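# Sequence first, then the predicted structure:
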Amino acid sequence: MGVRVSTGAFDPGAETNAFLAAGNGAGAAVTFTGVVRSKPDAPITALTLECYPDLAINQLTAIVAAATERFGLLAATVIHRYGTLGPGEPIVQVMTLSPHRDAAFKGAEFLMDYLKTDAPFWKQETGPTGTHWVEAKAEDDVAKARWE
Amino acid sequence: MGVRVSTGAFDPGAETNAFLAAGNGAGAAVTFTGVVRSKPDAPITALTLECYPDLAINQLTAIVAAATERFGLLAATVIHRYGTLGPGEPIVQVMTLSPHRDAAFKGAEFLMDYLKTDAPFWKQETGPTGTHWVEAKAEDDVAKARWE
Amino acid sequence: MKILYFAWLRERLNRGEEEVSLPPGVATVGDLIDWLASRDEAAELAFAKRSLIKAAVDAKLVNHSAPIAGASVVALFPPMTGG
Amino acid sequence: MKILYFAWLRERLNRGEEEVSLPPGVATVGDLIDWLASRDEAAELAFAKRSLIKAAVDAKLVNHSAPIAGASVVALFPPMTGG
């Protein structure tokens, strides 16, 4: 179980391999990686994430503990970057390990759904027309609510 | 979109990184990795997978096409090993890429559920008490049925 | 026509493949299984639970009612346990 | 007491943090927001939609009715958009 919040870049594949190496004996691992998206119709030149690290660590630790208990995970890790990132750069990675695939999938979805609404990061997109704060999405509240 | 069936080992993290690199511009990637499980109460010394490669390629290609269309995936890849593997070795990896996390998760789960019952691999476990064929699980049929 | 066997079906029949010349009246996968099972006691035993036998004709998954006329390869095997 | 501001709340208030001495009667997060909003027009505008203001007391997420007596750090911010 681990939580990392940092301005430094991370290597998604290396993180998955390290996570798998620590979990010898488990059957199913799920990795979710979120990268800076750039749509042809709405190109993004940069994504800046603001963070309140003390609260982020507390919130992510609580979310990881909740997922671990609820789905009987053998391990769960959340890595979240902040600072300014370019298109295609990894922002967030969630990894879960379980004897069975269903729990690994559900655990990773749960982590992502909670993280979207409950972890203190704020996204600001920069494109050709300027910079704006990304608004919180109602669908993210809906996604979280299905676990309650 | 890709399907690979091989006796050669694969590197889970390197595969994820290659998959991510090809998908620049997408937001959400899910990787599922299945590894040879060894439980303390039922240790496995080896897992041997038998395969019918011609049919495996056809079936996996059809499953990947179905997932891609159904969930609007931007990319999906299945890698499946056969031959004899040791505990902790990766057997299977499924990767999906989508603009949104929900489709990436659902696509990966769909691929795994279909692959479990519809791809021509047969598992044989070797432990301290000998070698036996793994029986098909009713729960795998149930998992597949939820998509129908 | 070439017949392939996999997993415990291969073991119980003690062969991974064989060439067969079909007798008249063997039109479907089901007919083929009936005929193969009739050849000796080991085969009768191996094919005893018909519902456990899955089939592919020329590397396409089919059910027991599928025709086999003109097929090059028919594969017979137990339920799949991949992933 | 130290107050932290994040994202557009920080921008609209034109500060990331400040030290405040609370007047009597400011007991909860909600009271604090009311008092901060009353100090000038920019603050009144920034805090206009109370339901958009989230809070943490000493790095624990709380709601507006939470007490702030004895807290070292209160953080105020818009809805979170991580992940």
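Sure thing, it's come through. Keep in mind the model is a prediction, meaning the values are calculated, not measured.
# Roughly how far does the residue lying farthest from the centre of chain A sit from chain D?
If you look at how far each residue of chain A sits from its centre, by Cα atoms, centre = their mean, the farthest one is A:Thr129, at 27.6 Å. Taking Cβ to the nearest Cβ, to the nearest Å as the measure, A:Thr129 and chain D are separated by 17 Å. The way it works is simple: take the backbone N, C-alpha and C, and place the C-beta from them, glycine included.
# How many neighbouring residues does residue 36 have?
If you meant another chain, say so; for now it's chain A. 23 (other Cβ atoms under 10 Å in any protein chain shown).
# looking at chain C here, not the other one
By other Cβ under 10 Å, the burial measure for C:Leu36, its neighbour count, is 22.
# right, and it touches C:Glu44 too?
No. With contacts counted by Cβ atoms under 8 Å, C:Leu36 stays clear of C:Glu44, the gap being 9.4 Å.
# And the helices in chain C, which stretches?
C:7-13, C:29-37, C:41-46 (DSSP state H).
# Any chance of JSON lines for those helices, columns distance to chain B and mean pLDDT?
Shown next, in JSON lines, are the helices of chain C (distance: least, Cβ to the nearest Cβ, whole Å; pLDDT from 0 to 100):
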{"stretch": "helix C:7-13", "distance to chain B": "4", "mean pLDDT": "97"}
{"stretch": "helix C:29-37", "distance to chain B": "14", "mean pLDDT": "98"}
{"stretch": "helix C:41-46", "distance to chain B": "13", "mean pLDDT": "96"}
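# Would you reformat these as a markdown table and include distance to A:Phe19?
Conversion of those to a markdown table gives the following (distance: least, Cβ to Cβ, whole Å):
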| stretch | distance to A:Phe19 |
| --- | --- |
| helix C:7-13 | 32 |
| helix C:29-37 | 45 |
| helix C:41-46 | 43 |
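# Quick one: those as JSON lines, columns for distance to chain A too.
As requested, these are exported to JSON lines (distance: least, Cβ to the nearest Cβ, whole Å):
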{"stretch": "helix C:7-13", "distance to chain A": "20"}
{"stretch": "helix C:29-37", "distance to chain A": "31"}
{"stretch": "helix C:41-46", "distance to chain A": "30"}
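# Which residues are in contact with the residue nearest to A:Gln124 when sequence neighbours are not counted?
Nearest non-adjacent residue to A:Gln124, counting by Cβ to Cβ, 6 or more residues apart in numbering or on different chains: A:Thr48, 4.5 Å away. Listed by Cβ atoms under 8 Å, 6 or more residues apart in numbering or on different chains, the contact partners of A:Thr48 are A:Gly83, A:Thr84, A:Leu85, A:Lys123, A:Gln124, A:Thr126, A:Thr131.
# which of those are buried?
A:Leu85, A:Lys123, A:Gln124 (16 or more other Cβ atoms under 10 Å in any protein chain shown).
# Close to chain A: what parts of chain C are there?
C:Gly83 (Cβ under 8 Å from any Cβ of the partner chain).
# residues touching the closest residue to chain A within chain C, list them.
Relative to chain A, the nearest point of chain C is C:Gly83 (8.0 Å; Cβ to the nearest Cβ). Shown in contact with C:Gly83 (Cβ under 8 Å, 6+ apart): A:Arg101, B:Gly34, B:His80, B:Ile91, B:Val92, B:Met112, B:Leu115, B:Lys116, B:Ala119, B:Phe121, B:Asp140.
# Now the last one: closest residue in space that isn't a chain neighbour?
With Cβ to Cβ, 6+ apart as the measure, B:Lys116 is the residue that lies nearest to B:Asp140, at 4.4 Å, once sequence neighbours are left out.
# Of all residues in chain C, which one is closest to chain B?
C:Gly82 (3.0 Å).
# Those residues of chain A touching chain C, which are they?
Counting by Cβ under 8 Å from any Cβ, chain A sits next to chain C at A:Arg101.
# Would you indicate which residues of stretch A:11-27 are buried?
Buried, per 16+ other Cβ under 10 Å, within stretch A:11-27: A:Pro12, A:Gly13, A:Glu15, A:Thr16, A:Asn17, A:Phe19, A:Leu20, A:Gly23, A:Gly25, A:Ala26, A:Gly27.
# Now the fifth one: which helix or strand?
In other words, A:Asn17. Using DSSP states H and E, A:Asn17 sits within helix A:12-22.
# close to chain D, is the helix or strand just after that helix?
Counting by DSSP H and E, the next helix or strand C-terminal to helix A:12-22 is strand A:28-35. Yes. Applying Cβ under 8 Å from any Cβ, one finds strand A:28-35 touching chain D at A:Gly34.
# which secondary structure elements does strand A:28-35 contact?
Here strand A:28-35 touches helix A:12-22, strand A:90-98, helix A:101-118, helix B:12-22, strand B:28-35, helix B:101-118, going by 3 or more Cβ pairs under 8 Å, 6 or more residues apart in numbering or on different chains; DSSP states H and E.
# Show me what the mean pLDDT comes to for that strand.
Average pLDDT, strand A:28-35: 98.
# can you dump the C-alpha coordinates of it into CSV?
Provided in CSV are the C-alpha atoms of strand A:28-35 (Å, rounded to 0.1, in the frame of the first residue of the first chain):
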residue,chain,number,x,y,z
ALA,A,28,-4.5,-10.3,-10.8
ALA,A,29,-3.1,-6.8,-11.2
VAL,A,30,-4.9,-3.8,-12.6
THR,A,31,-3.1,-0.6,-13.6
PHE,A,32,-5.0,2.6,-14.5
THR,A,33,-3.0,5.4,-16.1
GLY,A,34,-4.4,8.8,-16.7
VAL,A,35,-2.5,10.9,-19.2
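# Quick check: buried residues in the helix or strand following that strand?
Next in sequence after strand A:28-35, counting helices and strands by DSSP H and E, comes strand A:46-51. Going by neighbour count (16+ other Cβ under 10 Å), the buried part of strand A:46-51 is A:Ala46, A:Leu47, A:Leu49, A:Glu50, A:Cys51.
# Please apply the same query to stretch C:3-17.
C:Ile3, C:Leu4, C:Tyr5, C:Phe6, C:Ala7, C:Trp8, C:Leu9, C:Arg10, C:Arg12, C:Leu13.
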